[in-house]
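K.L.:
quick one: sequence and predicted model below, then my questions.
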Amino acid sequence: MESLDLGTPQVRSSSDPFRTSRHEKGSRRERALKSAIATMDVQGVNTRRVTCIV
């Protein structure tokens, strides 16, 4: 199978790089999940309660 090299889309009249809203939403969710896991670890939440919290 051949490989296909794709470039990053350019944004006209802007110096900001191209970003998708999906990427930003995913990174916010990931940060929220990491924060929740860290908080549960500090508080000593047991595994049965984790499913109730998440």
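P.N.:
Looks like it arrived, so ask away. What you are looking at is a predicted structure, and each value in this text was computed from that prediction instead of being measured. Numbers count the residues shown, from 1 in each chain.

K.L.:
if you rank every helix and strand of the chain by mean pLDDT, what lands last?
P.N.:
Every helix and strand in the chain was compared by mean pLDDT, DSSP states H and E; the lowest is helix 47-53, with a mean of 73.

K.L.:
in the protein, which spans are helices?
P.N.:
Under the criterion DSSP state H, the chain contains helices at 21-43, 47-53.

K.L.:
just checking, what packs against the last one?
P.N.:
The one in question is helix 47-53. helix 21-43 (3 or more C-beta pairs under 8 Å, 6 or more residues apart in numbering; DSSP states H and E). Backbone N, C-alpha and C define where each C-beta goes, glycine included.

K.L.:
same for the helix it packs on, what does it pack against?
P.N.:
Under the contact criterion of 3+ C-beta pairs under 8 Å, 6+ apart, the helices and strands touching helix 21-43 comprise helix 47-53.

K.L.:
centre of the chain to the helix it packs on, how far?
P.N.:
Centroid separation between helix 47-53 and its chain, computed with C-alpha atoms, centre = their mean, to the nearest Å, is 22 Å.

K.L.:
please apply the same query to stretch 37-45.
P.N.:
Taking C-alpha atoms, centre = their mean, one finds stretch 37-45 lying 20 Å from the centre of the chain it belongs to.

K.L.:
quick thing: my sequence starts at 655, can you match it?
P.N.:
All set: I'll call the first residue 655, so the last point we hit is now stretch 691-699.

K.L.:
quick one: buried residues of it?
P.N.:
Neighbour-count burial for stretch 691-699 flags Met694 (criterion: 16 or more other C-beta atoms under 10 Å).

K.L.:
per-residue confidence averaged over it?
P.N.:
The predicted model assigns stretch 691-699 a mean pLDDT of 86.

K.L.:
with just CA atoms, put that stretch into CSV.
P.N.:
In CSV, the C-alpha atoms belonging to stretch 691-699 read as follows (Å, rounded to 0.1, in the frame of the first residue of the first chain):
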residue,chain,number,x,y,z
ILE,A,691,-8.6,10.8,38.5
ALA,A,692,-6.0,12.8,40.4
THR,A,693,-8.7,14.1,42.8
MET,A,694,-10.0,10.6,43.4
ASP,A,695,-6.5,9.3,44.1
VAL,A,696,-5.8,12.0,46.6
GLN,A,697,-9.2,11.4,48.3
GLY,A,698,-8.7,7.7,48.4
VAL,A,699,-11.9,6.8,46.5
